[in-house]
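K.L.:
prediction below, plus the sequence it came from.
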Amino acid sequence: MDHPVRLNAIGQIHISVDDVSRAVAFYRDTLGMTLLFEVPGQPMAFFDCGGIRLYLGRPETPEFRSNPLIYYRVESIHDAYDALRERGVRFSGEPRVAHKTETSELWLAGFKDPDGNNLVLMSEVPA
């Protein structure tokens, strides 16, 4: 009997960047993420993102260019929004409610990294 495969954990996410040094500075210094390591002599850097490895790298060929949309969970979207704006992040708009239920609200605020990759802050708060 064939056993079904079930994918349920993400180990690593790749984000294509053109300038790894510039990307490292943005993700480490502006976003405050923990740099795990850079690969000497190769355009690659790895960050810890809550136990998931975030891989920033220049793709070898165009077909391997990623098109991510990553949502970062934050406790207070307004505090995170204000802190990142103070560090120079330009948001596409102010935090807004994207979805409501009887018990909670999902707040979002989008921005881009220096390579134009879409990133979003998200916060789920009690209604």
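P.N.:
Sure, I can see it. Note that this is a predicted model, so its numbers are computed, not measured.

K.L.:
just for the protein, where's the confidence low?
P.N.:
Regions of the chain meeting the criterion pLDDT under 70 cover residues 1.

K.L.:
repeat that with 90
P.N.:
Counting by pLDDT under 90, the ranges of the chain that qualify are 1-9, 60, 127.

K.L.:
how is it partitioned into domains?
P.N.:
As given by automatic domain parsing, the domain ranges for the chain are 10-66, 68-127.

K.L.:
including distance to residue 2, could those domains go into TSV?
P.N.:
Heads up, the C-betas are built off the backbone N, CA and C, glycines and all. TSV is the format used below for those (distance: least, C-beta to C-beta, whole Å):
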stretch	distance to residue 2
domain 10-66	24
domain 68-127	32
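
K.L.:
residue 4 is nearest to which of the ones you listed?
P.N.:
domain 10-66 (18.9 Å; C-beta to C-beta).

K.L.:
coming back round to it: is it possible to get JSON lines of the domains of the chain that adds mean neighbour count?
P.N.:
Converted to JSON lines, those look like this (neighbours: other C-beta atoms under 10 Å):
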{"stretch": "domain 10-66", "mean neighbour count": "14"}
{"stretch": "domain 68-127", "mean neighbour count": "14"}
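
K.L.:
all strands for this protein, in order.
P.N.:
Along the chain, the segments classed as strands by DSSP state E run 12-16, 34-38, 44-49, 52-57, 69-73, 96-100, 104-112, 118-126.
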